[in-house]
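A.B. asks: build me a structure from this.
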Amino acid sequence: MAISDVVVGNLTTLFLVAIAATRAYGMAVGRSFSGTCVLVLSTLAVGVVLIVSIGWDISRKARSAVIARDHSYEMCRGGICWHGVAVKSPASQVRFRLPQHGN
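C.D. replies: As a prediction, the model looks like this:
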């Protein structure tokens, strides 16, 4: 499961944590933030977390695609190409034979 999927699945929890953190910070410094300010700050915080998690997932996917491209194998026999299967892999040695019918 991708990190951004987890973040999207927990957006409500993230909003509540951001609101509580903003309120706690306000109490710690002796200020009282308005409801609009708390809503804007929590929305910005959750938006930043979501954008960072999506960026992380995209970079991880791109990195794995580049690594896979460098080490990929391709074997073709009889018009069937095995992409990403090593030549010595058991999957590349699978043979299908049709039964012979005597007519």
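
A.B. asks: give me the low-pLDDT residue ranges for this protein?
C.D. replies: Along the chain, the parts satisfying pLDDT under 70 run over 1, 68-98, 102-103.

A.B. asks: wait, what's in contact with residue 53?
C.D. replies: Contact analysis of residue 53 by C-beta atoms under 8 Å, 6 or more residues apart in numbering lists 3-4, 6-7. To be clear about C-beta, it is placed using only N, CA and C from the backbone, and glycine gets the same treatment.

A.B. asks: repeat the analysis, applying 7 Å as the threshold.
C.D. replies: Counting by C-beta atoms under 7 Å, 6 or more residues apart in numbering, residue 53 touches 3-4, 7.

A.B. asks: now which of those would you call buried?
C.D. replies: 4, 7 (16 or more other C-beta atoms under 10 Å).

A.B. asks: I'd like the contacts of residue 53 as TSV, with distance to residue 14 and secondary structure appended.
C.D. replies: Listed next are the contacts of residue 53 as TSV, based on distance: C-beta to C-beta, whole Å; DSSP: H, G, I helix; E, B strand; the rest coil:
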residue	distance to residue 14	secondary structure
3	13	helix
4	12	helix
7	7	helix
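
A.B. asks: output the longest helix belonging to the chain.
C.D. replies: Taking DSSP state H as the criterion, the chain has its longest helix at helix 35-70.

A.B. asks: in it, what counts as buried?
C.D. replies: Result for helix 35-70 [16+ other C-beta under 10 Å]: buried residues 38, 41-42, 45-46, 49, 53.

A.B. asks: repeat for stretch 15-30
C.D. replies: Neighbour counts using 16+ other C-beta under 10 Å place 18-19, 22, 26 of stretch 15-30 among the buried residues.
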